[in-house]
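Student: dropping the sequence and predicted coords here.
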Amino acid sequence: MDVTIESSWKKALQNEFSQPYFESLVQFVKQEYKQHPNAIFPKGSQIFRAFDACPFDDVKVVILGQDPYPTPGHAHGLCFSAESHVKPLPKSLGNIYKELHDDLGNDLRATADLSDWAQQGVLLLNAVLTVRSGQPDSHAGKGWELFTDAVIQRLNENKQGVVYMLWGSKAQRKAENVNANANLILTAPHPSPLSAYRGFFGCKHFSKANDYLASNSRTPILW
């Protein structure tokens, strides 16, 4: 199956695109867009935006989300990120910015768009890459999780010294695909208002990530 995705990722993931589960997944997603026009997020052209924005060889940090924002006008293919015009900020993103401020002293960001992180080597990956409007987890269990497992596996097989920020139990399940001796795995509760106070606040993942990158002679992220 020919998939429109950034060339280095296409090479890394080529075997997945011919798997029966992926073919079934594509048919499901196509049917969803057809049956629910303007109610499946992100737009079809942005499903693989996380990969297009951060080529395989550039990946230094992986932040793993659950699935896209189910609110119209928010999701654009990067986990926790939203279109730049979105106001107020999604609540999870607002908590991420609060922790970033408390950790590094950064000014609170005004934009919801995290594209500048992706351009520096942060793979902003959701475990599930599509969703139906107003229905979180509506596309869970359809095959996306197998695909994103393969993404983590390919990174683990081919790259060392990557920082994995795994927030929440669903993201943390991906840790089994990562060699903890060759990479840095950072875990914390999800930054949503329901769980951020259980340990996301104060986790200092942004400074820990940059310290690790610097110790491996890699350029830290300008968060």
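Tutor: On my side now, so go ahead. Small disclaimer: the values here were computed from a predicted structure and weren't measured.
Student: chain center to stretch 131-142: distance?
Tutor: 16 Å (Cα atoms, centre = their mean, to the nearest Å).
Student: helices of this protein, start to end?
Tutor: In the chain, the segments counted as helices under DSSP state H are 7-17, 20-35, 49-53, 91-104, 115-118, 144-158, 169-172, 205-215.
Student: just say which of these is most tucked in.
Tutor: Comparing those by mean neighbour count (mean count of other Cβ atoms under 10 Å), helix 49-53 comes out on top with a mean of 23. Bear in mind the C-beta positions are built from the backbone N, C-alpha and C, glycine included.
Student: nearest to Arg132, out of the helices of the chain?
Tutor: Each of those has some distance to Arg132 by Cβ to Cβ; the shortest is helix 20-35, at 6.7 Å.
Student: helices or strands up against the closest one?
Tutor: Counting contacts by 3 or more Cβ pairs under 8 Å, 6 or more residues apart in numbering; DSSP states H and E, the secondary-structure elements packed against helix 20-35 are strand 40-41, helix 144-158.
Student: now for those, which one comes closest to Asp57?
Tutor: Closest to Asp57 of the helices and strands packed on helix 20-35, according to Cβ to Cβ: helix 144-158, at 9.1 Å.
Student: and the angle for that closest one with helix 20-35?
Tutor: Going by axes from the mean of the first three to the mean of the last three Cα atoms, to 10 degrees, helix 144-158 is angled at 130 degrees with respect to helix 20-35.
Student: just so I know, which of the helices and strands packed on helix 20-35 lies nearest Gln66?
Tutor: Using Cβ to Cβ as the criterion, the shortest distance between Gln66 and these is 10.3 Å, found for helix 144-158.
Student: before we move on, the earlier item: dump the helices of the chain to JSON lines, plus distance to Arg198 and mean pLDDT.
Tutor: Supplementary listing: these in JSON lines, determined by distance: least, Cβ to Cβ, whole Å; pLDDT from 0 to 100:
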{"stretch": "helix 7-17", "distance to Arg198": "34", "mean pLDDT": "97"}
{"stretch": "helix 20-35", "distance to Arg198": "33", "mean pLDDT": "98"}
{"stretch": "helix 49-53", "distance to Arg198": "27", "mean pLDDT": "98"}
{"stretch": "helix 91-104", "distance to Arg198": "12", "mean pLDDT": "97"}
{"stretch": "helix 115-118", "distance to Arg198": "24", "mean pLDDT": "98"}
{"stretch": "helix 144-158", "distance to Arg198": "24", "mean pLDDT": "97"}
{"stretch": "helix 169-172", "distance to Arg198": "11", "mean pLDDT": "90"}
{"stretch": "helix 205-215", "distance to Arg198": "15", "mean pLDDT": "98"}
